[in-house]
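Peer 1: Below are the sequence and a predicted model; questions follow.
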Amino acid sequence: MLTTTVAREYVHRAALSEVLMTGWNKLGRDVFTATAQWPRSHSFYMPEHGLHDPLLLCETIRQTSTLLAHVGYHIPLGHHLTWSRLQYVLAPEALRIAATPADIQLHVTCSDIRYSRSVPVTMSMHLEVSRDGDPFAMASVRFASHSPAVYKRLRAGRGEVGEVFATAPQPPEPVSRSTVGRLRKQDIVLAPTSDPQRWQLRVDTSHPVLFDHALDHVPGMLLLESVRQAAHAMEPGRATAVLPTSMDVSFNRYIEFDEPCWIEAEPVLTAAPSADARSTIRVNAVQKGFSAFHASAELADAAWV
């Protein structure tokens, strides 16, 4: 049987190479299945220690929610979809890279749907995720859908998307590659400050994956990457990769290009150290004095998986 990806427009991607989703099916009212494939290597979500990057799961969740919003609920392609909450937990052992790409199956149940003129404006999705039929992750996401007219009112005074994108300032110089475990300068999303647990968010709109197409605000996937890099930067001498095995994330406000955004991190202390070297951190993104994004994340050391 031949396999192809879904239309790139359904997952809000310009590059065909960035489309992970391969299909979908409706099982019943507000219940769906979807399928995806993870490549054995990726230009940004790079494998470490023979493991797929956990943030590939987050990108799969994003693409699944976008796909089903359009094909399952007929939200027009011109509408803007905005996350407000994301939660996931995964078993890192299931991330091992095999001799072939990873085939991912998702069972999706939609709930808490609010409609306006028969089109959903807010909804939640609960996802049970399997690899080759074996469950390994659970996730939930809540998001809103805004028509072009509503989005324009929400973004009043910001200008057209293309104009805002084209005039975004150049990013500051990044922290060192070893600090965040990244090989390429372009992939580093943190810039240093005088506080070892505080960084300026580095927004490089020329990045071919994080900014696959023009946007007028910082995308959620860049913020999730900042959590991973902040975790690594808190232990800059570590030699192995940090794997975010779970996250609980709130998106509170749009993060703009033209004002500095500060990433602040702190460890969550536990009564006893984990036997498998797991740790937990909290991360805030602060812009203009407001908490625009908040995340707590559990992290595993790739060497222990």
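Peer 2: The structure has been received and is ready for your questions. Residues are numbered from 1 along each chain as shown.
Peer 1: biggest strand in the chain by residues?
Peer 2: When the chain is parsed with DSSP state E, its longest strand is strand 102-116.
Peer 1: Tell me which residues of that strand come out buried.
Peer 2: Ala102, Asp103, Ile104, Gln105, Leu106, Val108, Cys110 (16 or more other C-beta atoms under 10 Å). All C-beta spots, glycine's among them, are computed from the backbone N, C-alpha and C.
Peer 1: mind putting those in JSON lines, pLDDT included?
Peer 2: Converted to JSON lines, the buried residues of strand 102-116 look like this (pLDDT from 0 to 100):
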{"residue": "Ala102", "pLDDT": "96"}
{"residue": "Asp103", "pLDDT": "96"}
{"residue": "Ile104", "pLDDT": "97"}
{"residue": "Gln105", "pLDDT": "98"}
{"residue": "Leu106", "pLDDT": "98"}
{"residue": "Val108", "pLDDT": "98"}
{"residue": "Cys110", "pLDDT": "98"}
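Peer 1: Which one of those is nearest to Leu20?
Peer 2: Ile104 (7.9 Å; C-beta to C-beta).
Peer 1: distance of the closest residue to that closest one other than its chain neighbours from Thr66?
Peer 2: Nearest non-adjacent residue to Ile104, counting by C-beta to C-beta, 6 or more residues apart in numbering: Ala36, 4.2 Å away. Noted for Ala36: a distance of 12 Å to Thr66, by C-beta to C-beta, to the nearest Å.
Peer 1: which of these two has more neighbours?
Peer 2: Per other C-beta atoms under 10 Å, whichever of Ala36 and Thr66 has more neighbours is Ala36, with 28 against 21.
Peer 1: any idea how far the more buried one lies from Asp248?
Peer 2: From Ala36 to Asp248 the distance is 23 Å (C-beta to C-beta).
Peer 1: Could you do His74 as well?
Peer 2: In terms of C-beta to C-beta, His74 sits 30 Å off from Asp248.
Peer 1: between those two, who's got more neighbours?
Peer 2: Asp248 (16 against 10).
Peer 1: what's the helix or strand for the more buried one?
Peer 2: Secondary structure from DSSP states H and E places Asp248 in strand 242-251.
Peer 1: could you point out where the chain is predicted with low confidence?
Peer 2: 1-2, 237-239, 271-277 (pLDDT under 70).
Peer 1: Is Leu201 bridged to anything, and to what?
Peer 2: Beta bridges link Leu201 to Leu190 when assigned by DSSP bridges.
Peer 1: any idea where the helices of the stretch 51-200 of the chain begin and end?
Peer 2: 55-71, 148-154, 161-166, 177-180 (DSSP state H, counting those that start in this stretch).
Peer 1: OK, contacts around the closest residue to Met123 other than its chain neighbours?
Peer 2: Spatial nearest neighbour of Met123, excluding adjacent residues (C-beta to C-beta, 6+ apart): Ile113 at 4.4 Å. Ile113 is in contact with Asp30, Tyr73, Pro120, Thr122, Met123, Ser124, counting by C-beta atoms under 8 Å, 6 or more residues apart in numbering.
Peer 1: Drop anything exposed from those.
Peer 2: Asp30, Tyr73, Pro120, Met123, Ser124.
Peer 1: Now for the residues you listed: which two are most distant?
Peer 2: Pairwise over those, using C-beta to C-beta, the maximum falls at Tyr73 and Ser124, 12.5 Å.
Peer 1: For the two, list the residues in contact with both.
Peer 2: Cys110, Ile113.
Peer 1: Pro244 and Glu298 touch, don't they?
Peer 2: Yes. Between Pro244 and Glu298 there is a contact at 7.3 Å, judged by C-beta atoms under 8 Å.
Peer 1: More neighbours: these two, which one.
Peer 2: Pro244 (24 against 18).
Peer 1: residues in contact with that one?
Peer 2: Pro54, Leu55, Leu224, Val227, Arg228, Ala231, Ala297, Glu298, Leu299.
Peer 1: and of those residues, the nearest to Arg155?
Peer 2: Leu224 (22.2 Å).
Peer 1: quick one: that closest one is in a helix?
Peer 2: Yes. When DSSP: H, G, I helix; E, B strand; the rest coil is applied, Leu224 is found to be in a helix.
Peer 1: that older thread, tell me the strands beside the longest strand of the chain, with direction?
Peer 2: strand 31-38 (antiparallel), strand 119-131 (antiparallel).
Peer 1: Of these, which stretch is the most buried?
Peer 2: strand 31-38 (a mean of 20; mean count of other C-beta atoms under 10 Å).
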